[in-house]
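Enquirer: how would this look folded up:
(one chain, ligands or ions: 2)
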Amino acid sequence: MTTSAHEGGCLCGGLRYRIKDEGLALTACHCTDCQRSGGAAFGMSLLLLKSSAEVVKGTPRTFTKIFEEDGRLKHNKFCGECGVRIWTEFSKFPQIVNVKPGTLDDTSWLEPVAHIWVRSKQPWVSIPEGALQFETQPADFGVVLKAFAEQRAAQQR
Ligand SMILES: [Zn+2]
Ligand SMILES: [Zn+2]
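Expert: Ligands and ions are numbered 1, 2, ... in the order given. A predicted model of the protein is given here:
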């Protein structure tokens, strides 16, 4: 992976970040929250250890969403100038960040290994053959991590 694949930022350039590795998993999420927050048919999530992602320019603003079911928190980090979200942090998994991978400078290596919350996907979206599919949140995320590790190993060959 080239250096540019490790760097990303917002639309106005005020916020820049770096990732130290390719992360743990890449998923496409078809939940209605992702549809709304991205203004799109689905959102993409690149899960990384928090220690692998750092802001190198600017200071993100935070929008915190509280889930009424269980009180857990989701902290969306975004540029206060142009509004682009670069990643999300979670109260439930404080060691993980969910980078919005479309903000990377090089997105050519991004292919989700799993599609989640498929039950609310737009009817015209078809899931590529070979990708894992889950109606809601995967009960066992281990299979997603394994599929991503295999995909990364195959691309580096
Ligand atoms: Zn910006
Ligand atoms: Zn979602």
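
Enquirer: for the most centrally placed residue in the chain, which non-adjacent residue is spatially closest?
Expert: Note on the chain: the residue nearest the mean C-alpha position is residue 45, at 1.7 Å, using C-alpha atoms, centre = their mean. With C-beta to C-beta, 6 or more residues apart in numbering as the criterion, residue 45 has its nearest non-adjacent residue at 4.6 Å, and that residue is residue 98. In short, each C-beta sits where N, CA and C put it, glycine included.

Enquirer: my guess is the one you found meets residue 46, correct?
Expert: Yes: using C-beta atoms under 8 Å, residue 98 is in contact with residue 46, at 7.1 Å.

Enquirer: what is the rounded mean pLDDT of the longest helix seen in the chain?
Expert: Determined from DSSP state H, the single longest helix within the chain is helix 142-156. For helix 142-156, the mean per-residue pLDDT is 94.

Enquirer: can you pull the buried residues of stretch 111-123?
Expert: 112-118, 121 (16 or more other C-beta atoms under 10 Å).

Enquirer: who's in contact with the residue nearest to residue 32 when sequence neighbours are not counted?
Expert: In space, and not counting its chain neighbours, residue 32 is closest to residue 120: 5.4 Å by C-beta to C-beta, 6+ apart. When contacts are counted by C-beta atoms under 8 Å, 6 or more residues apart in numbering, residue 120 touches 30-32, 35.

Enquirer: in JSON lines: the residues you listed, plus pLDDT, neighbour count and distance to residue 72.
Expert: Putting those into JSON lines (pLDDT from 0 to 100; neighbours: other C-beta atoms under 10 Å; distance: C-beta to C-beta, whole Å) gives the following:
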{"residue": "30", "pLDDT": "98", "neighbour count": "23", "distance to residue 72": "20"}
{"residue": "31", "pLDDT": "95", "neighbour count": "18", "distance to residue 72": "15"}
{"residue": "32", "pLDDT": "95", "neighbour count": "9", "distance to residue 72": "17"}
{"residue": "35", "pLDDT": "96", "neighbour count": "18", "distance to residue 72": "20"}
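
Enquirer: near ligand 2, from those residues?
Expert: With C-beta under 5 Å from the ion as the criterion, the contacts of residue 120 include residue 31 near ligand 2.

Enquirer: and the residue nearest to residue 32, what pLDDT?
Expert: Residue 120 carries a pLDDT score of 98 in this model.

Enquirer: quick one on the thing from earlier: am I right that the residue nearest to residue 45 is in a strand?
Expert: Yes: membership of residue 98 in a strand is supported by DSSP: H, G, I helix; E, B strand; the rest coil.

Enquirer: this completes my enquiry, with thanks.
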